[in-house]
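Asks: Model the structure of this input:
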Amino acid sequence: MFPHRLTDQLAFDIAQALLDGFNRHYRLFRETTALAKKRFEQADWHGQQQAQAQRIEFYDQRVNEAVGKLRQAFNIDALSMDTWQQAKLHFIGLLTDHHQPELAETFFNSVTSKLLHRAYFNNDFIFVRPAVSTEYIEDDEPGALPTYRAYYPNKDNLRETWARIVHNFQLQREFEDLDRDVEHVVEAMLAELGGFRPRANFQIQVLASLFYRNKGAYLVGKIINGFQETPLALPILHGPSGKLVIDAALFGEDDLLMIFSYARAYFMVDMEIPSAYVQFLRGLMPRKPRAELYNAIGLQKHGKNLFYRDFLAHQRHSSDKFRIAPGIKGMVMLVFDLPSFPYVFKVIKDFYPPQKDTTRELIKGKYLLVKQHDRVGRMADTLEYSNVAFPRHRFEEELVAELRHFCPSLLEEDGDQLVIKHVYIERRMIPLNIYLQEAAPEQVADAVVEYGNAIKDLVAANIFPGDMLWKNFGVTRHGKVVFYDYDEIEYLTDCNFRRVPAPRNEEEEMSGEVWYTVGPKDVFPETFGPFLLGNTAVREVFMAHHADLLDAAFWQGCKERIQQGHVHDVFPYEPAKRFTAGRA
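Replies: Predicted structure coming up:
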C-alpha cells in the first residue's frame with residue numbers, strides 16, 4: 001500500500017534528482033535534434049547520419065549517469081520500501097506541469113530498475129501504466145510554437161497559401177523554383193481530393209517542425225475539407241543544382257506508413273511536447289501503434305515501454321501459446337512467436353554450428369549496428385529487452401525444451417514464470433522463401449524484383465547482408481522485402497569483392513573443393529547463383545533485373561563510391577510519385 005502522507009524529505013530529494021536527470025537528457029536530445037535543420041541546410045549528410053547514430057546512445061548514457069549520481073548521493077541499498085514508494089509519488093507530483101511526463105516516467109523506470117534489479121518485477125516502484133495524462137498539454141511560454149499551424153485557404157489562393165506554409169519553416173537555403181514546386185503540389189492535391197469544393201471548415205494543418213532523416217526534410221500535415229481528412233507529406237530535398245526542391249506530394253495513410261516504416265531510421269524532429277506530435281500522427285495513421293510512432297520520432301526507449309505495456313495487455317486478453325516460429329530454424333537464433341501477436345521473439349543461442357564463427361557479443365554488436373545505422377526501409381527495427389518474465393503455462397513444451405537445450409544460460413525458471421535474460425523482438429513478416437513457395441507467378445516475379453531492390457538499397461547504405469538466402473528476408477503487408485537476419489552483416493566498405501580466379505590446371509578445374517585462397521572478408525558474388533537461383537521462374541526474373549548482383553564489378557563500384565564520400569539517395573516512396581524524373 002502507498003503511504004497516505006508524504007513526509008520523507010529523502011524521498012523527495014530522490015524524485016527531484018531523477019527528474020533533473022531526465023531534464024538533462026531531454027535538453028541534450030533536443031539540442032542535437034534541433035541542429036538537424038542546420039545540417040540539412042548545409043548538406044552535411046555525414047554529420048546527419050553520425051548525429052542520428054549518436055543520439056540513440058544518449059538515453060543509456062543519461063540513465064547510467066543518473067544511476068551513478070543517485071548511488072553517490074544516497075545510500076540506495078539501505079532505503080526502505082516506504083521511501084521508494086514516496087519517491088514515486090513525489091515524482092508524480094513534480095510532473096504535474098511537465099511537458100514530457102510520459103518520457104520522464106519511462107526514465108524513472110529505467111533508472112530505478114537498474115538500482116533495484118529484479119526487485120522491480122512485481123512491485124509498486126515503477127510506472128506499469130502512466131500516472132500523468134498527456135492530454136491537452138500546452139506550451140504556454142511566450143513565443144512558443146504551437147504543435148501545428150492551421151491555414152485557411154480558398155480555391156483562389158491555394159498557391160499563395162502553400163508558398164507561405166513552406167516559407168514559414170524558414171529554411172536557410174534557396175529553393176530552385178518554389179513557384180514551380182507549389183504548382184506541382186496544388187495539382188497533385190486537387191487530383192487527390194477530386195471534384196474539389198471547399199467546405200466551411202477547409203483548412204491545411206501542418207506540424208510546426210520538419211521531420212529530418214538522411215538527405216530529406218519532410219513537411220507533415222493534413223487537409224481537412226468537410227468530413228474528409230487527407231494525410232499529407234511533402235519531401236524537401238537538395239536538387240541537382242544544390243538548391244532545394246519539393247520532390248513529391250504524398251497523400252493518404254499508406255504513403256505515410258511507408259515514410260514512418262519500422263524499417264527506416266528514426267526521424268529528427270524538434271518537439272517540446274512529443275505526445276502532441278504523436279497524437280497528431282495517430283490521426284494520420286490510426287493503424288500505426290503509438291509505440292512505433294514514438295520510435296519513429298527518435299524516442300525509442302519510450303516506444304519500448306509502450307510496446308511492453310501493449311504486450312502485457314495482449315497476454316491478458318489472449319489464450320494461445322508461445323511456439324517455435326514457423327520456417328527454417330536459424331543457426332544462431334532461436335525464434336518463437338505467439339500466433340495472435342504480430343511479432344517474433346529472438347534469443348541468441350549458447351552454441352553454434354562450426355560454420356558459424358561468431359560469439360554472443362559479436363551478434364549483439366551486429367544488432368546495435370542495425371539500430372544505429374540507416375535502415376533504408378530494408379532492415380527491421382528491433383526492440384531489445386533484458387529479464388523478460390513470461391507466464392510458464394503459455395509456452396508449448398516443445399519450445400521450453402528448445403530453450404533449455406539451446407539457451408540455458410539465458411533461461412531462468414522461476415515458479416510459474418519463465419524469465420528470458422536477453423531477447424530481441426521484431427515485427428513478424430512472411431519469410432521470403434515461404435512466400436515464394438505459395439505465391440502466384442506474378443507475385444513471385446514482384447517479390448524477386450523487390451528482393452534485388454532490397455539488396456541494392458542495403459548496398460547504397462554501405463551494408464552487405466552477408467547471408468543472402470531467401471529465408472533471411474521477409475515480406476511486409478505492403479509487399480516490401482525486408483532483411484532481418486543480422487548475424488553476418490558487414491559494412492560494404494569492409495568487404496573485399498573478388499572474381500573467382502580461373503583454374504590454372506585441369507586438377508583445379510575438376511576439384512570439388514575451393515582451391516584458391518579466401519580471406520576472412522573476401523566475397524565472390526558469382527557464387528551466389530547456385531544458392532539463390534535453383535527455381536527456373538525465380539532465375540529468369542532475377543537475371544532480367546538483377547544479374548549485376550552476381551558481378552564483382554557492381555559491388556566494387558558501389559564500394560568505391562561510398563569510400564569517395566558519396567551518400568546515396570534512397571526514397572521511402574515510389575519513383576513514379578516524384579515530380580521530376582531523374583532528380584538526384
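
Asks: May I see the buried residues of stretch 372-384?
Replies: Judged by neighbour count using 16 or more other CB atoms under 10 Å, the buried positions of stretch 372-384 are 372, 373, 374, 375, 376, 377, 378, 379, 380, 381, 382, 383. (Glycine included, C-beta is placed from N, CA and C.)

Asks: Surely the second one is in contact with residue 483?
Replies: Right, the one you point to is residue 373. No. Residue 373 is beyond contact range of residue 483, at 11.8 Å (criterion: CB atoms under 8 Å).

Asks: which residues touch residue 552?
Replies: Counting by CB atoms under 8 Å, 6 or more residues apart in numbering, residue 552 touches 497, 498, 499, 524, 525, 526.

Asks: Just put these in a markdown table and tack on secondary structure, distance to residue 160 and neighbour count.
Replies: Below are the contacts of residue 552 laid out as a markdown table (DSSP: H, G, I helix; E, B strand; the rest coil; distance: CB to CB, whole Å; neighbours: other CB atoms under 10 Å):
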| residue | secondary structure | distance to residue 160 | neighbour count |
| --- | --- | --- | --- |
| 497 | strand | 53 | 20 |
| 498 | coil | 59 | 17 |
| 499 | coil | 59 | 12 |
| 524 | coil | 59 | 17 |
| 525 | helix | 54 | 20 |
| 526 | helix | 58 | 13 |
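
Asks: Now do the strands in the stretch 1-150 of the chain.
Replies: Using DSSP state E, counting those that start in this stretch, the strands of the stretch 1-150 of the chain run over residues 148-151.

Asks: And the helices in it?
Replies: Under the criterion DSSP state H, counting those that start in this stretch, the stretch 1-150 of the chain contains helices at 9-34, 36-41, 45-73, 81-94, 101-116.

Asks: ok, and which of these has the densest surroundings?
Replies: With neighbours defined as mean count of other CB atoms under 10 Å, those peak in mean count at helix 101-116, which reaches a mean of 22.

Asks: relative to helix 45-73, how tilted is that one?
Replies: Computed by axes from the mean of the first three to the mean of the last three CA atoms, to 10 degrees, the angle separating helix 101-116 from helix 45-73 equals 50 degrees.

Asks: Quick check: mean pLDDT of helix 101-116?
Replies: Taken as a whole, helix 101-116 has a mean pLDDT of 92.

Asks: And the strands in the stretch 351-500 of the chain, which stretches?
Replies: Going by DSSP E, counting those that start in this stretch, the stretch 351-500 of the chain shows strands at 383-391, 411-414, 417-427, 430-431, 463-464, 473-475, 481-483, 490-491, 496-497.

Asks: so for the fourth one, what's the average pLDDT?
Replies: Averaged across strand 430-431, pLDDT comes to 93.

Asks: Check which helices and strands it sits against.
Replies: Counting contacts by 3 or more CB pairs under 8 Å, 6 or more residues apart in numbering; DSSP states H and E, strand 430-431 is packed against strand 473-475.

Asks: From the chain's centroid, how far away is the strand it packs on?
Replies: Centroid separation between strand 473-475 and its chain, computed with CA atoms, centre = their mean, to the nearest Å, is 16 Å.

Asks: Tell me the strands beside it, with direction?
Replies: Strand 473-475 pairs in its sheet with strand 430-431 (antiparallel), strand 481-483 (antiparallel), by DSSP bridges.

Asks: Greatest separation within the buried residues of stretch 372-384: which pair is it?
Replies: Largest separation among the buried residues of stretch 372-384 by CB to CB: 376 and 383, giving 19.5 Å.

Asks: re the thing from before, ranking the strands paired with strand 473-475 by burial, who's on top?
Replies: strand 481-483 (a mean of 25).

Asks: just to revisit the earlier point, among the helices of the stretch 1-150 of the chain, which is nearest residue 416?
Replies: Judged by CB to CB, the one of the helices of the stretch 1-150 of the chain that comes nearest to residue 416 is helix 101-116, at 21.4 Å.

Asks: That closest one - contacts with which helices or strands?
Replies: Using 3+ CB pairs under 8 Å, 6+ apart, the elements in contact with helix 101-116 are helix 9-34, helix 45-73, helix 81-94, helix 274-284, helix 300-316.

Asks: Format the CA atom coordinates belonging to it as PDB.
Replies: In PDB, the C-alpha atoms belonging to helix 101-116 read as follows (Å, rounded to 0.1, in the frame of the first residue of the first chain):
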ATOM      1  CA  PRO A 101       5.600  13.500 -18.400                       C
ATOM      2  CA  GLU A 102       5.400  10.100 -20.300                       C
ATOM      3  CA  LEU A 103       9.100  10.200 -21.200                       C
ATOM      4  CA  ALA A 104      10.000  11.200 -17.600                       C
ATOM      5  CA  GLU A 105       8.100   8.200 -16.300                       C
ATOM      6  CA  THR A 106      10.000   5.900 -18.600                       C
ATOM      7  CA  PHE A 107      13.300   7.400 -17.500                       C
ATOM      8  CA  PHE A 108      12.200   6.800 -13.800                       C
ATOM      9  CA  ASN A 109      11.600   3.200 -14.700                       C
ATOM     10  CA  SER A 110      14.900   2.800 -16.400                       C
ATOM     11  CA  VAL A 111      16.900   4.200 -13.500                       C
ATOM     12  CA  THR A 112      15.000   2.600 -10.700                       C
ATOM     13  CA  SER A 113      15.100  -0.900 -12.400                       C
ATOM     14  CA  LYS A 114      18.900  -0.600 -12.500                       C
ATOM     15  CA  LEU A 115      19.000   0.300  -8.900                       C
ATOM     16  CA  LEU A 116      16.500  -2.300  -7.700                       C
END
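
Asks: what comes into contact with that helix?
Replies: With CB under 8 Å, 6+ apart, helix 101-116 has contacts from 18-19, 21-22, 25-26, 59, 62-64, 66-67, 70-71, 76, 84, 88, 91, 95, 98, 120, 123, 125-127, 130-134, 137, 274-275, 299, 301-302, 305.

Asks: The closest residue in space to residue 329 that isn't next to it in sequence: how many residues sit nearby?
Replies: Nearest non-adjacent residue to residue 329, counting by CB to CB, 6 or more residues apart in numbering: residue 335, 7.6 Å away. When neighbours are counted by other CB atoms under 10 Å, residue 335 registers 21.

Asks: average pLDDT across stretch 390-402?
Replies: Summarised as a single mean, pLDDT over stretch 390-402 is 96.

Asks: again with stretch 53-70
Replies: Averaging pLDDT along stretch 53-70 yields 94.

Asks: sorry, back to before: turn the buried residues of stretch 372-384 into TSV, including pLDDT.
Replies: Shown next, in TSV, are the buried residues of stretch 372-384 (pLDDT from 0 to 100):
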residue	pLDDT
372	88
373	87
374	85
375	89
376	87
377	89
378	93
379	93
380	91
381	92
382	93
383	94
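
Asks: Return the member of those residues nearest to residue 215.
Replies: residue 374 (10.0 Å).

Asks: Give me the phi and psi angles of the closest one.
Replies: phi -70, psi 120 (degrees, to the nearest 10).

Asks: For it, list the residues it contacts.
Replies: By CB under 8 Å, 6+ apart, the neighbours of residue 374 are 49, 52, 214, 265, 461, 570.

Asks: what's the distance between it and residue 277?
Replies: For residue 374, the distance to residue 277 equals 22 Å [CB to CB, to the nearest Å].

Asks: Let me know the helix or strand that residue 245 is in.
Replies: Assigned by DSSP states H and E, residue 245 belongs to strand 244-246.

Asks: Who are the packing partners of that strand?
Replies: The contact analysis (3+ CB pairs under 8 Å, 6+ apart) places strand 244-246 against helix 178-193, strand 228-238.
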